[in-house]
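Participant: A predicted structure for the sequence below; I have some questions about it.
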Amino acid sequence: QVGTQRKIALITGATSGIGRATAIALANIGYDIIATGRRSELLESLGEELSQIVRFKSLCFDVKDKDEVKRQLSSLPEEWNQIDVLVNNAGNAHGLDPIQNGSLSDWEAMIDINVKGLLYVSHEVIPSMVARNSGMIVNIGSIAAKEVYPNGNVYCGSKHAVDAITQGMRMDLNQHGIRVVGIHPGLVATEFSLVRFKGDEHRSNAVYQGYEPLLASDIADTIAFAVSRPEHVVLADIVILPTAQASATLVKKNN
Ligand code: NDP
Ligand code: 8X3
């Protein structure tokens, strides 16, 4: 529990995978939850579960839509507008093609969602943290933020940008006592590959076969741990891999 004063966590991309698990993990340690995503029915079902234990609010928007991000976050009622923890999680890979075959719409999606979307949300949330000289921002990067792998070109670029922005946020917000955490997972079994391969279940399932991948809850537990450190501690930069994974490209498989 976070004390007598209620604390609020906003998690983007909370309809599935890491974001959903993080909303549950932070609710379990007492945070009131603002969950965002585009699929309203999944936000509703998360709300049914979490409103049993904490206050819950959902916001349905596309992080690519700058005006909508601003409209939704600037019109949060007073009891919801002092966000203590922002988890910038919404994002995906779109495609896995050599650069010469890449699709412009895939590239735009990754840059618009993973990079610009993170910035649009942060732009709305940071001023109130600065005014209070308090808060935490958790940015979900990736092993792809630390390494580049064949055909990962633009996805890796978008995640390297997230890593650089995370470091820049930590520097600029340092004087305001705002903690900035970069979380960089390796292979996590979520809807990630289904999105990357545009609904091809066979290709998507193959990504997680022959070894034990991370679960979304492994990442969520780590975020809950980071969030619950004492005020003088920041887990600045965390790479989390499944034991079978040694680097972006080296995974020990059984077959
Ligand atoms: P999922 O596909 O399961 O979840 C992605 C989430 O992002 C969904 O809730 C989705 O919600 C949301 N999202 C995607 N696009 C948008 C958009 N335009 N506007 C608003 N929300 C959006 O994948 P993961 O949980 O794995 O991915 C979460 C983060 O973790 C991503 O940033 C990803 O890059 C990163 N990551 C994932 C790894 C993995 O192996 N799975 C490893 C390293 C990092 P909705 O569709 O409802 O909008
Ligand atoms: C997701 C992990 O290795 O598929 O960021 O890029 S990877």
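Facilitator: Structure received. Ligands and ions are numbered 1, 2, ... in the order given.

Participant: got a list of what whatever residue of the stretch 101-250 of the chain ends up closest to ligand 2 touches?
Facilitator: Proximity to ligand 2, evaluated over the stretch 101-250 of the chain using C-beta to the nearest ligand atom, is greatest for S142 at 3.2 Å. Glycine gets a C-beta too; all of them are placed from N, C-alpha and C. Contact partners of S142, counting by C-beta atoms under 8 Å, 6 or more residues apart in numbering, are K159, V162, H184, P185, G186.

Participant: and which of those residues is nearest A23?
Facilitator: Checking the contacts of S142 against A23 with C-beta to C-beta, the nearest one is P185 at 16.6 Å.

Participant: And the closest one, how far from L43?
Facilitator: For P185, the distance to L43 (C-beta to C-beta, to the nearest Å) stands at 23 Å.

Participant: So if I had to pick from the two, which one is more boxed in?
Facilitator: In terms of neighbours (other C-beta atoms under 10 Å), P185 is the more surrounded of P185 and L43; the figures are 26 against 21.

Participant: I'd say that one and A21 touch.
Facilitator: No. The pair P185 / A21 is not scored as a contact, 11.5 Å apart, by C-beta atoms under 8 Å.

Participant: longest helix anywhere in this protein?
Facilitator: Secondary structure of the chain read by DSSP state H shows that its longest helix is helix 153-173.

Participant: CA atoms of that one as PDB?
Facilitator: Taking C-alpha atoms only, helix 153-173 is exported to PDB below (Å, rounded to 0.1, in the frame of the first residue of the first chain):
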ATOM      1  CA  ASN A 153      16.000  -1.400 -38.500                       C
ATOM      2  CA  VAL A 154      13.100   1.100 -37.800                       C
ATOM      3  CA  TYR A 155      11.700  -0.700 -34.700                       C
ATOM      4  CA  CYS A 156      15.200  -0.700 -33.200                       C
ATOM      5  CA  GLY A 157      15.600   2.900 -34.200                       C
ATOM      6  CA  SER A 158      12.300   3.800 -32.400                       C
ATOM      7  CA  LYS A 159      13.400   2.000 -29.300                       C
ATOM      8  CA  HIS A 160      16.900   3.500 -29.300                       C
ATOM      9  CA  ALA A 161      15.100   6.900 -29.500                       C
ATOM     10  CA  VAL A 162      13.100   5.800 -26.400                       C
ATOM     11  CA  ASP A 163      16.300   5.100 -24.600                       C
ATOM     12  CA  ALA A 164      17.800   8.400 -25.500                       C
ATOM     13  CA  ILE A 165      14.600  10.300 -24.500                       C
ATOM     14  CA  THR A 166      14.600   8.400 -21.200                       C
ATOM     15  CA  GLN A 167      18.200   9.500 -20.500                       C
ATOM     16  CA  GLY A 168      17.300  13.100 -21.500                       C
ATOM     17  CA  MET A 169      14.200  13.100 -19.300                       C
ATOM     18  CA  ARG A 170      16.300  11.900 -16.300                       C
ATOM     19  CA  MET A 171      18.700  14.800 -16.800                       C
ATOM     20  CA  ASP A 172      16.200  17.500 -17.300                       C
ATOM     21  CA  LEU A 173      13.800  16.400 -14.500                       C
END
